[in-house]
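> model the following, please.
(chains A and B)
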Amino acid sequence: MVHTIQIAKLLGSDFLQGRPLGRKHFPMLCAELTSLSDGGIVLLDFASVRVVTGSWINEAIVPLMGWLADQRNDLFAVFMNLDEDCVDELRLISEWTHTCFLLAKGSKLPTQATLAGELDPGQRDTLLAVVANAGVTGAELERLLPDAGVKATAWNNRLKDLFQKRLLRREKYGREQRYWPVVREVVLNG
Amino acid sequence: MTLHCLTAGVCDELQQARECGRDVGRFVCEFSSATLPGLIEYGCARRQFPELPVLPMSIVESELGFANAEVLSDLGLRSTGAQKRPSRLITAQGVEFFVLEGDQPTLSRDWSEYRLRFEQSAKASGFPLKTATALAAAFGEMADNAVFHSESTVGILVGYQALPGTSLFCIADAGIGVLESLRSNPEYHNLNDHREAIRLALKPGVSRYGRGHGGSGFAQVFKSLAKHWGTLRFRSGKGCVTMDGRDCNADVGVKSEAPFRPGFQVSVCCRTTESPDSEQLI
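A predicted model of the protein is given here:
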């Protein structure tokens, strides 16, 4: 299930600057998302937003990512149509807070998104492995990638980390947890 | 600008002279004009030393002086009398002041409209809309910083001025200052130099709340000035750091010692082209 939120319309502002405003907007964003079903994808559309500052991101978006990851909510966000300056701000905050964001353009669920935020080499390899083998389990990754020398438990830990970072979706099949990328293709930033 | 212009630098000299026991009255009465930062910083100095003389009529009755007297502020020309109703216009103004006080003042409609007028004014000065918007964001960040960190018991005085090819803004508080604010974080507890405290505070991610919890405001200011001819002045306690907007790096800013003044005063001047007398606008 994909749900789109026009940020400027929902928040009644195209100038997203400052900590107090970020604090005011965080619960507004949560309230809009509470009715969505678990595992859903939210396209946060920043079209027509003129300014997004780091301080606003710190107070509105960073806690929102934590809220989305809460098992009671379990939602995934893709940040749509942010302009270049806003992306710079998002990258800066992602570096400080170790938060990752998926960025894309358009009005529908994209097939490709760019990752803003740092992953360690193991997490990067795991994300790329899931992009290449959607619906995979940790045990399957151990079998599919024997040269990596990584055991199923370690793959599972990395998969869980990426799920917590909202970069992978997860579904339970019997005793197995299977993982999918949020969008079909993810471009890593360097 | 003539020698009789009250700039922020001249204000420091006056304060220094006053601390040395010299009579500065005669000097002050000869001022014929003031810059926006000069007027605001003199107000901050005068709050600390009420015996500093009142400014001459040439300044009080200037466009800058009239605009300053429109607001009620302990750091301005008028601290008593009737509060004027805020302007509801969203059109460019030459110069305008605002006092941030009360609970979450930067969430108010009055502040949003004021910031919008600043943006319109910067655009009218000749800046592209995108730059004017970035300047307005930087302006807002500096105002939020003062509200969050100053712990000031009196309102924060904010002002902007739009001149052809130039946009100036100032944010001044009479609070605890940068050094004390940073020292409230155990990580910076051993810090004891005002200049070093300012230099640190200008670095991305540094804040009293710890690394990563704020400290993005100055990055916004620097980014908005990066492609323009900007001059910045940061004044707190006994420290002053000035910077060239083209190389906004806290480590290369010029640090100097100044007479003690409470709070934090930020002055930013941004120009569309290089101008030889630009620093005198601060």
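
> phi, psi of the closest residue to A:K24 other than its chain neighbours?
Nearest residue to A:K24 in three dimensions, chain neighbours excluded: B:L107, at 6.4 Å (CB to CB, 6 or more residues apart in numbering or on different chains). For glycine as for every other residue, the C-beta is placed from the backbone atoms N, C-alpha and C. Here is the backbone geometry of B:L107 (degrees, to the nearest 10): phi -100, psi 0.

> is chain B within reach of stretch A:28-46?
No - judged by CB under 8 Å from any CB of the partner chain, stretch A:28-46 and chain B are separated, with a smallest distance of 13.0 Å.

> contacting residues around the helix or strand of chain B with the lowest mean pLDDT?
Lowest mean confidence among the helices and strands of chain B (mean pLDDT, DSSP states H and E): helix B:217-225, at a mean of 73. Helix B:217-225 has contacts (CB atoms under 8 Å, 6 or more residues apart in numbering or on different chains) with A:53-55, A:85, A:88-89, A:92, B:131, B:134-135, B:137-138, B:141-142, B:144-145, B:201-204, B:232, B:245-246, B:248, B:250, B:268, B:270.

> and B:S207, how many residues sit next to it?
23 (other CB atoms under 10 Å in any protein chain shown).

> relative to chain A, how far out is it?
10 Å (CB to the nearest CB, to the nearest Å).

> about what we covered before: next secondary structure after the least confident helix or strand of chain B?
strand B:229-244 (DSSP states H and E).

> and that next one, what does it pack against?
Packing partners of strand B:229-244 (3 or more CB pairs under 8 Å, 6 or more residues apart in numbering or on different chains; DSSP states H and E): helix B:8-19, helix B:177-183, helix B:194-201, strand B:254-271.

> TSV please, covering the ones you listed and showing mean pLDDT, distance to A:T137 and mean neighbour count.
Shown next, in TSV, are those (pLDDT from 0 to 100; distance: least, CB to CB, whole Å; neighbours: other CB atoms under 10 Å in any protein chain shown):
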stretch	mean pLDDT	distance to A:T137	mean neighbour count
helix B:8-19	92	65	20
helix B:177-183	94	49	23
helix B:194-201	92	48	22
strand B:254-271	91	55	22
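
> mind listing the strands for the chain?
Assuming you mean chain A. A:2-6, A:15-16, A:41-45, A:51-52, A:76-80, A:101-104, A:112-116, A:168-173, A:176-181, A:185-187 (DSSP state E).

> wait, chain B
Counting by DSSP E, the strands of chain B are B:5-6, B:33-34, B:95-100, B:156-163, B:166-173, B:229-244, B:254-271.

> can you list contacts of the second one?
Think strand B:33-34. Taking CB under 8 Å, 6+ apart as the rule, strand B:33-34 contacts B:1-2, B:4-7, B:42, B:55, B:58-59, B:62, B:64-65.

> still on that earlier bit, and the angle from the least confident helix or strand of chain B to helix B:194-201?
Between helix B:217-225 and helix B:194-201, the angle comes out at 80 degrees (axes from the mean of the first three to the mean of the last three CA atoms, to 10 degrees).

> pretty sure B:A201 contacts B:V178?
Yes - at 5.0 Å, B:A201 counts as touching B:V178 under the criterion of CB atoms under 8 Å.

> and A:V42, which of the helices and strands packed on strand B:229-244 is closest to it?
helix B:194-201 (35.8 Å; CB to CB).

> helices or strands up against that closest one?
helix B:177-183, strand B:229-244, strand B:254-271.

> from the contacts of helix B:217-225, which would you call buried?
Listed as buried from the contacts of helix B:217-225 are A:53-55, A:85, A:88-89, A:92, B:131, B:134-135, B:137-138, B:141-142, B:144-145, B:201-202, B:204, B:232, B:245, B:248, B:250, B:268, B:270; burial here means 16 or more other CB atoms under 10 Å in any protein chain shown.

> neighbours around the closest residue to B:H194 other than its chain neighbours, how many?
In space, B:H194 comes closest to B:G239 once its chain neighbours are excluded; the distance is 3.2 Å by CB to CB, 6+ apart. Counted by other CB under 10 Å, the residues lying close to B:G239 total 24.

> show me what contacts B:G239?
B:178-179, B:193-198, B:255-258.

> and which of these is nearest to B:G25?
The closest of those, once distances to B:G25 are taken by CB to CB, is B:A258, at 21.1 Å.

> my guess is that closest one contacts B:R235. True?
Yes - B:A258 lies in contact with B:R235 (CB under 8 Å); the separation is 6.7 Å.

> what do those two both touch?
With CB under 8 Å, 6+ apart as the test, B:A258 and B:R235 both reach B:D12.

> what count of nearby residues applies to A:L44?
Neighbour tally, A:L44, other CB under 10 Å: 23.

> got the angle for the longest helix seen in chain B vs strand B:156-163?
Counting by DSSP state H, the longest helix found in chain B is helix B:129-149. With the same axes, to 10 degrees applied, the angle from helix B:129-149 to strand B:156-163 works out at 160 degrees.

> tilt between helix B:129-149 and strand B:166-173?
10 degrees.

> domain parsing of chain A, as residue ranges.
A:2-115, A:121-187 (automatic domain parsing).

> excluding residues flanking it in the chain, which one is nearest A:S48?
A:A8 is the one closest to A:S48 (CB to CB, 6+ apart), at 4.7 Å.

> which stretches of the stretch 1-150 of chain B have low pLDDT?
Confidence mapping of the stretch 1-150 of chain B against pLDDT under 70 gives the ranges B:1-3.

> up against chain A, what does it have?
B:104, B:106-107, B:112, B:115, B:133-134, B:136-137, B:140-141, B:144, B:147-148.

> which bits of chain A sit near chain B?
A:15, A:17-21, A:24, A:50-51, A:53-55, A:58, A:85, A:88-89, A:92-93, A:96-97.

> any idea what A:V42 is bridged to?
A:H3, A:A77 (DSSP bridges).

> tell me how far it lies from chain B.
24 Å.

> contact partners for residue 87?
Chain wasn't specified; assuming chain A. So A:V87 contacts A:103, A:116 (CB under 8 Å, 6+ apart).

> actually chain B
Going by CB under 8 Å, 6+ apart, B:S87 touches B:93, B:96, B:113, B:117.
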